[in-house]
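Student: need the 3D shape of this:
(2 chains)
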Number of protein chains: 2
Amino acid sequence: MEKRIIITGYGVVAKEFCKLLLNHSESIKNMYGFHPKVTGIIGTKGMLYEAEGISLDKLMNYDVGSNAITQYAEEKNIFLVPPKWNGDVLVECTPTDIETGEPGLSYILNAIEAGMAIVSASKGALVHSFKRIKEAARKKGVSMKFSGATAAALPTMDIGGYSLAGATITRIEGILNGTTNFILTTMTDNNLSFDEALKVAQMKGIAERNTSLDVKGYDSAGKILLLTNGLLETSFSLNDIQIEGIEHVTKEKINEAQEKNERIKLLASVILKNEHLSLEVRPRNIPPSNPLYYVNGSNKGIVFETQEMGTVCVTGGASHPRGAAAAVLKDVINLYRRDL
Amino acid sequence: MEKRIIITGYGVVAKEFCKLLLNHSESIKNMYGFHPKVTGIIGTKGMLYEAEGISLDKLMNYDVGSNAITQYAEEKNIFLVPPKWNGDVLVECTPTDIETGEPGLSYILNAIEAGMAIVSASKGALVHSFKRIKEAARKKGVSMKFSGATAAALPTMDIGGYSLAGATITRIEGILNGTTNFILTTMTDNNLSFDEALKVAQMKGIAERNTSLDVKGYDSAGKILLLTNGLLETSFSLNDIQIEGIEHVTKEKINEAQEKNERIKLLASVILKNEHLSLEVRPRNIPPSNPLYYVNGSNKGIVFETQEMGTVCVTGGASHPRGAAAAVLKDVINLYRRDL
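Tutor: Alright, predicted model coming up:
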């Protein structure tokens, strides 16, 4: 059984995904009973399309972005074409833009309309228009997965939706952003101010130059939003979340916390109380009895509280592009595997 | 779509499973698209069988064991019958006996022969005869799940098989037995000898009177065996595992560890090295950089190291019968759900 993959956006994650497919496609066929094949990659200059499957080994000779696609097309002596949606699954890897959701949003809606399943590594479209996308997918009866948009190699959607299937989730609480956790840990361990720790993060390449989405809590908010909507069948938007970032966490607050043997963490949470869900992102003091206390540096972690299965905590997961790509591949496998 | 469940063994886990079904069957139908129905329960005195489904609310009026089944049958004015295997899935809940695998082994083989899927809460048959069961299941094309036998509410098989699908697992290392972890923690925190800490565990009802399976490491060994065989497509048996329990851990060793800021944990592990897998269970000193350092008391935890997705650690999960029952229900849901 062949499954045709169309990729939108060809950045580092998409390239790593192609590399994983190149190395693992034989074992995927043997273990999971289907054969994944990339038939199209859509970039800003058009779509690279080969019905027989793009030669991923040749593609690896080029860098990333639309230039790489163009160079590959030139080598193969083919033309880029306008996007077409004749695959089995869309792997959405365009850069996240939560203001407009584009270009991912249009890509996703087009693919759903054509009956394709969706695996999204990108948060933008989902955070911007979850309800619209979900309804379109339901109407067409297509599946949708987005591990890559919800902490990637740290399994969050999987735990909530698969490992806790049938259980009643009463609280989800996570450190979902590695950059802010690194900054808070650096402030704590080295007695630095926020600005000083931010500079360390930037020097180490952990924080990007434009860190406001991370620092102001919007990245964490987007993730807890998707987890809540995905796991608890809701249709919240960013406006429904109380968001506070870490930019006002001072040395003094960190010291106060340490004196009480606590640590300050940027927690994204959703709590079920009296059949009402409340979502928030804010810096909170947590004690050593909370397993997230031990999640430091640029690591991430999440805790699920349930009525039937107690509390389950997951930490770790690689935060590099290869980890994100592996999370995308995992979603594709779990859509089509025949061994469960 | 109806799915007929036949349960073997009616102890506390089986009863909790019936209670969960009673309370959740409507929501399972709505969320996952199938309707679970218990049509048979097999105990030592025979099988309670009702094609239209056993009245779980009435069944809750009785205790556990074959007596409960008999009392229910008398109330309903029906007779117990010899076992028949005409369900969709077997939920195996008989007591674990790793010496013979029985009675679970015969039950499982009969059910597979009849084309039923297997969800096992019990370790005995699987530890005793994994290869035989697996081959029978493969031959008949039936699915097999055993979260309940591999740390239950702590997701272990799920993480390895679903969340890390497509990734290369290079090491699995876990604290898979709550009783021994409680004893080691109690020795550490209260400066007690092994015998003293064991007595505390027995007084608290955490250790049973016959603790040798736990204390000598066989329970942990059974779990790492099932995880390895289930996740890495192997056919190891208990004889392939180097097993050392905690009965020779002394106060002195605990103190030495503490002086180095380490803790002694009973770790069950499988390591991939040069394409060779080695399995072992033994007390090991671990430093604070290992996330299992923080798994104390009767808690459990597991770490997966992968090539593509980094290190993922899961801790927690209720250890009471309801948690185990919820793990069984989760497996049943994941066999038949239509929403993925």
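Student: can I get stretch A:268-279 in CSV, CA atoms only?
Tutor: The C-alpha trace of stretch A:268-279 is given here as CSV (Å, rounded to 0.1, in the frame of the first residue of the first chain):
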residue,chain,number,x,y,z
ALA,A,268,0.8,26.4,30.5
SER,A,269,-2.3,24.8,31.9
VAL,A,270,-5.8,23.8,31.5
ILE,A,271,-7.9,22.8,34.5
LEU,A,272,-11.3,21.2,34.6
LYS,A,273,-13.4,22.4,37.5
ASN,A,274,-17.2,22.1,37.9
GLU,A,275,-17.4,21.1,34.3
HIS,A,276,-15.7,24.4,33.3
LEU,A,277,-12.3,24.5,31.6
SER,A,278,-9.9,27.4,32.3
LEU,A,279,-6.7,28.0,30.3
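Student: give me the below-cutoff pLDDT ranges for chain A.
Tutor: A:340 (pLDDT under 70).
Student: and the strands in it?
Tutor: For chain A, strands defined by DSSP state E occupy the ranges A:2-8, A:35-43, A:46-49, A:89-92, A:117-120, A:144-145, A:169-175, A:241-243, A:263-273, A:276-286, A:301-306, A:311-316.
Student: next up, the contacts around residue A:157.
Tutor: With contact set as C-beta atoms under 8 Å, 6 or more residues apart in numbering or on different chains, residue A:157 has these partners: A:145, A:146, A:147, A:150, A:226, A:227, A:230, A:231. Just so you know, the C-beta spots here come from the backbone N, C-alpha and C atoms, and that holds for glycine as well.
Student: follow-up on the earlier one: I'd like the strands of chain A as TSV, with mean neighbour count and distance to chain B appended.
Tutor: TSV is the format used below for the strands of chain A (neighbours: other C-beta atoms under 10 Å in any protein chain shown; distance: least, C-beta to the nearest C-beta, whole Å):
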stretch	mean neighbour count	distance to chain B
strand A:2-8	22	13
strand A:35-43	23	10
strand A:46-49	21	24
strand A:89-92	28	13
strand A:117-120	27	10
strand A:144-145	22	8
strand A:169-175	22	12
strand A:241-243	17	24
strand A:263-273	21	13
strand A:276-286	17	13
strand A:301-306	25	8
strand A:311-316	25	5
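Student: including distance to residue B:122, could the ones you listed go into JSON lines?
Tutor: Shown next, in JSON lines, are the strands of chain A (distance: least, C-beta to C-beta, whole Å):
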{"stretch": "strand A:2-8", "distance to residue B:122": "37"}
{"stretch": "strand A:35-43", "distance to residue B:122": "37"}
{"stretch": "strand A:46-49", "distance to residue B:122": "52"}
{"stretch": "strand A:89-92", "distance to residue B:122": "38"}
{"stretch": "strand A:117-120", "distance to residue B:122": "36"}
{"stretch": "strand A:144-145", "distance to residue B:122": "33"}
{"stretch": "strand A:169-175", "distance to residue B:122": "27"}
{"stretch": "strand A:241-243", "distance to residue B:122": "44"}
{"stretch": "strand A:263-273", "distance to residue B:122": "33"}
{"stretch": "strand A:276-286", "distance to residue B:122": "37"}
{"stretch": "strand A:301-306", "distance to residue B:122": "23"}
{"stretch": "strand A:311-316", "distance to residue B:122": "22"}
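Student: closest to residue A:252 out of those?
Tutor: For those, the distance to residue A:252 is smallest for strand A:263-273, at 11.2 Å, taking C-beta to C-beta.
Student: elements contacting that closest one?
Tutor: If contacts are counted by 3 or more C-beta pairs under 8 Å, 6 or more residues apart in numbering or on different chains; DSSP states H and E, strand A:263-273 sits against strand A:169-175, helix A:178-190, helix A:218-232, helix A:251-259, strand A:276-286.
Student: could you list every helix and strand in contact with the third one?
Tutor: In terms of contacts (3+ C-beta pairs under 8 Å, 6+ apart), helix A:218-232 is packed against helix A:124-140, helix A:157-158, strand A:169-175, strand A:241-243, strand A:263-273, strand A:276-286.
Student: and the top helix by length along chain A, does that touch chain B?
Tutor: Under DSSP state H, the helix in chain A containing the largest number of residues is helix A:12-32. Yes - residues of helix A:12-32 contacting chain B under C-beta under 8 Å from any C-beta of the partner chain: A:20, A:24, A:28, A:31, A:32.
Student: rewinding a little: export the helices and strands packed on helix A:218-232 to a markdown table and tack on distance to residue A:81?
Tutor: Shown next, in a markdown table, are these (distance: least, C-beta to C-beta, whole Å):
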| stretch | distance to residue A:81 |
| --- | --- |
| helix A:124-140 | 23 |
| helix A:157-158 | 33 |
| strand A:169-175 | 41 |
| strand A:241-243 | 40 |
| strand A:263-273 | 41 |
| strand A:276-286 | 42 |
